[in-house]
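Engineer: Sequence first, predicted model second:
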Amino acid sequence: MSTRTSPATGPEEQRIEVSGLTKRYAEVTAVEGLSFSVEPGVVTGFLGPNGAGKTTTMRMILGLVAPTEGTATIGGRRYAELRRPSETVGAVLDASAFHPNQSARGHLRIYAAMGGYPDSRVEELLEQLELREAAHRRTREFSTGMRQRLSLATALLGDPRVLLLDEPSNGLDPDGIAWLRRFLRSFADEGRTVLVSSHVLSEVQQIVDDVVVIRRGRLVAAGPLAELERSTRPAVLVRSPDAERLTAALRAGAHGAAVSVEAARDGWLRVRGVDSSQLADEAAAAGVRVHELVTENASLEELFFQLTSDDPPRPQGPQEAAGPEPAGTGPAAAQSGQPGRAERSEQSEQSEQPAQTEGSLR
Ligand SMILES: Nc1ncnc2c1ncn2[C@@H]1O[C@H](COP(=O)(O)OP(=O)(O)OP(=O)(O)O)[C@@H](O)[C@H]1O
């Protein structure tokens with residue numbers, strides 16, 4: 001992606017570590033005891049509903065907000081301890097703040113001059129971010145996608161190894177999102193670190209490899225998105241007057257190795273690893289009565305909603321979330337025992353500032 005050489009540093013130099021991070025304002029606890037790590041070589045989504053504390057966390061990582069407790073480090077150093085911050089981390093917290101009469105090239109040249117980078121770096125970035133043809137145009141004429149790319153170009157002036165983007169997909173059309181996905185993939189493929197926040201999982205679902213999900217400033221899930229997706233494979237909800245015998249029969253049955261059974265609400269069981277007809281057949285073979293069967297197809301978005309809604313799952317730590325887990329209990333395991341929609345309906349019957357663009361503290 002970059003015409004410069006790939007980072008020569010090891011993964012530990014590019015890892016973001018957040019440990020016990022807390023930020024209290026007078027009346028609001030924006031972030032509370034938050035711990036997670038962001039690895040290089042993958043794109044990590046930082047997810048949570050509006051007000052969950054994503055921006056505050058990113059600002060703490062960037063040294064723009066002082067934590068009340070805990071630490072946030074990049075390559076083991078707090079932002080203020082970084083030797084060359086703009087060559088370590090670039091950030092876009094607000095992709096709309098440009099002088100309206102400034103051209104893209106003019107804007108980049110100003111930032112390049114402030115950072116001590118040559119004009120040739122500006123030309124490189126205009127090319128890389130596909131802005132060369134628009135370079136002379138005033139930024140007030142720019143589309144959301146072009147603004148996003150100009151912000152990225154600004155953040156990349158120092159060729160940083162770590163990139164933080166706050167809600168980059170906001171307002172982008174499908175082409176813009178596809179472009180962003182390709183760009184971030186290529187950035188991560190160079191062994192660099194990418195943290196991208198969003199309050200809409202579906203917007204970044206195609207972009208991210210790993211996820212960190214927070215709710216009200218606390219961690220609710222962390223780990224590979226694929227794990228989260230696995231935990232959304234269809235489940236069968238079953239109600240039986242003899243749940244224990246049914247569980248034993250399913251575990252001992254033909255699909256036993258793949259079967260996971262967990263208790264849901266009101267005596268229902270949530271079974272994964274068999275479909276409804278296989279489950280019914282196994283119950284019949286074992287002579288166990290079944291009263292109701294419902295297939296539950298929770299989408300990833302529904303799962304995200306469950307994780308972050310006001311009926312919260314048990315918060316879980318990153319190691320716990322990322323570690324190996326039995327089938328059906330991926331990072332989303334925190335939602336176990338919480339019935340999905342199908343069940344519910346059935347039963348109801350800056351010294352040197354980071355290379356980010358402007359954005360005021362809230
Ligand atoms: N400077 C501040 N003073 C007081 N409260 C603040 C301040 N900054 C953030 N907050 C509060 O902290 C909480 C977390 O806000 P934050 O902006 O970090 O969330 P977010 O997940 O980024 O949400 P959004 O997607 O809406 O930006 C909110 O309740 C917010 O009102």
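Structural biologist: Sure, I can see it.
Engineer: Assign a three-state SS to A91, would you?
Structural biologist: Each residue gets one of three states, and A91 gets strand by DSSP: H, G, I helix; E, B strand; the rest coil.
Engineer: how close does it sit to M58?
Structural biologist: 7 Å (C-beta to C-beta, to the nearest Å). C-beta: built from backbone N, CA, C; applies to glycine.
Engineer: swap in D210?
Structural biologist: The value you get for D210 to M58, if C-beta to C-beta is used, is 16 Å.
Engineer: out of A91 and M58, which sits in the more crowded spot?
Structural biologist: The residue with the greater number of neighbours, taking A91 and M58 and applying other C-beta atoms under 10 Å, is A91; the counts read 27 against 23.
Engineer: need the strands for the protein, in chain order.
Structural biologist: 16-24, 29-38, 43-47, 69-74, 89-92, 162-165, 193-198, 210-215, 218-224, 235-239, 260-263, 269-272, 292-296, 355-356 (DSSP state E).
Engineer: Tabulate those strands (JSON lines), appending distance to V122 and mean pLDDT.
Structural biologist: Conversion of these to JSON lines gives the following (distance: least, C-beta to C-beta, whole Å; pLDDT from 0 to 100):
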{"stretch": "strand 16-24", "distance to V122": "28", "mean pLDDT": "97"}
{"stretch": "strand 29-38", "distance to V122": "29", "mean pLDDT": "97"}
{"stretch": "strand 43-47", "distance to V122": "26", "mean pLDDT": "96"}
{"stretch": "strand 69-74", "distance to V122": "25", "mean pLDDT": "97"}
{"stretch": "strand 89-92", "distance to V122": "15", "mean pLDDT": "94"}
{"stretch": "strand 162-165", "distance to V122": "18", "mean pLDDT": "96"}
{"stretch": "strand 193-198", "distance to V122": "23", "mean pLDDT": "96"}
{"stretch": "strand 210-215", "distance to V122": "32", "mean pLDDT": "94"}
{"stretch": "strand 218-224", "distance to V122": "37", "mean pLDDT": "92"}
{"stretch": "strand 235-239", "distance to V122": "53", "mean pLDDT": "92"}
{"stretch": "strand 260-263", "distance to V122": "55", "mean pLDDT": "90"}
{"stretch": "strand 269-272", "distance to V122": "53", "mean pLDDT": "90"}
{"stretch": "strand 292-296", "distance to V122": "53", "mean pLDDT": "89"}
{"stretch": "strand 355-356", "distance to V122": "13", "mean pLDDT": "38"}
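Engineer: Report the contact partners of the closest residue to the ligand within the stretch 151-300 of the chain.
Structural biologist: Residue of the stretch 151-300 of the chain nearest the ligand, by C-beta to the nearest ligand atom: H199 (4.8 Å). Taking C-beta atoms under 8 Å, 6 or more residues apart in numbering as the contact definition, H199 lies against 47-50, 52, 54, 167.
Engineer: do L201 as well
Structural biologist: 45, 47, 211, 300-301, 304.
Engineer: which one of the residues you listed has the most neighbours?
Structural biologist: L47 (30 neighbours).
Engineer: tally of neighbours for the closest residue in space to that one that isn't next to it in sequence?
Structural biologist: Nearest residue to L47 in three dimensions, chain neighbours excluded: V213, at 4.7 Å (C-beta to C-beta, 6 or more residues apart in numbering). Around V213 sit 29 other residues, with neighbours defined as other C-beta under 10 Å.
Engineer: separation between V213 and A222?
Structural biologist: Between V213 and A222 the distance, using C-beta to C-beta, works out to 7 Å.
Engineer: what does E130 give?
Structural biologist: Following C-beta to C-beta, the distance that separates E130 from A222 is 33 Å.
Engineer: Among those two, which residue is more densely surrounded?
Structural biologist: Applying other C-beta under 10 Å to E130 and A222 shows that A222 carries more neighbours, namely 27 against 14.
Engineer: which helices and strands sit right next to the longest helix belonging to the chain?
Structural biologist: With DSSP state H applied, the helix covering the greatest number of residues in the chain is identified as helix 174-189. Using 3 or more C-beta pairs under 8 Å, 6 or more residues apart in numbering; DSSP states H and E as the contact criterion, the secondary-structure elements in contact with helix 174-189 are strand 43-47, helix 144-155, strand 193-198.
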